[in-house]
Every structure is written in structure tokens, then in C-alpha cells.
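1. coords below, sequence missing:
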């Protein structure tokens, strides 16, 4: 499974933006800029108790179960998961790590 690391977080008018790096199973490191709206955060973190960065990491892990790492664009919004995959809204909460650990 790919390793996802959140490198930085910026607050925006409608949510957050993250600098993320993904190390895939082949040892290739990819960097991304991922935005997460408050609306999508509230949808995927039902209790609102999850760190937004953990939700972003969960979205990336979900996407990597459906596509290869090289298909992730350098800059994308987390909502792309909802637009591409009908089961995203029900599946992503199951990918959220609640203790802040990296996915390894």
C-alpha cells in the first residue's frame, strides 16, 4: 500500500489545501496539492472529530484503490473521488485513520 504523508496545510475561504507526497509501491515519490472543502469534510467526517488532514489522506488512499498512483494529478480537489466513484461517500470514512498515523 502506498505511503501518504501530509507535508503542510493552508486554511482557505472554503476549506483547506494540503501539500501531500505519496510514495508508491514501486518507490516513486509524487507530490500533490489537494484541496478539501468544508462540505466534503462534513460529509466524510460524520462526527466532525477527524482531522481534515486525515480525511485528505483517506481520500488519497481510496483513490489509490481505484486507480494507479500516476493517475493522480499534481493538483486536485478531494471531490474528484465523489465525481468518479459512486461509492466514495460511503467508502472514504472507512479509510480515515483516527490516530494521525501515516498509512503504511
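-> Yes, it's here. Keep in mind that what you see is a predicted model, and the values were worked out from it rather than measured.

2. residue 21 belongs to a strand, doesn't it?
-> Yes - under DSSP: H, G, I helix; E, B strand; the rest coil, residue 21 falls within a strand.

3. bridged to it, which residues?
-> Note on residue 21: beta-bridge partners by DSSP bridges are residue 5, residue 31.

4. surely it touches residue 5?
-> Yes - in this structure residue 21 lies within contact range of residue 5 using Cβ atoms under 8 Å: 5.2 Å. Heads up, the C-betas are built off the backbone N, CA and C, glycines and all.

5. and the longest helix along the chain, what does it pack onto?
-> Using DSSP state H to define each element, the chain has its longest helix at helix 52-66. Counting contacts by 3 or more Cβ pairs under 8 Å, 6 or more residues apart in numbering; DSSP states H and E, helix 52-66 packs against strand 3-11, strand 15-23, strand 29-37, helix 38-44, helix 80-84.
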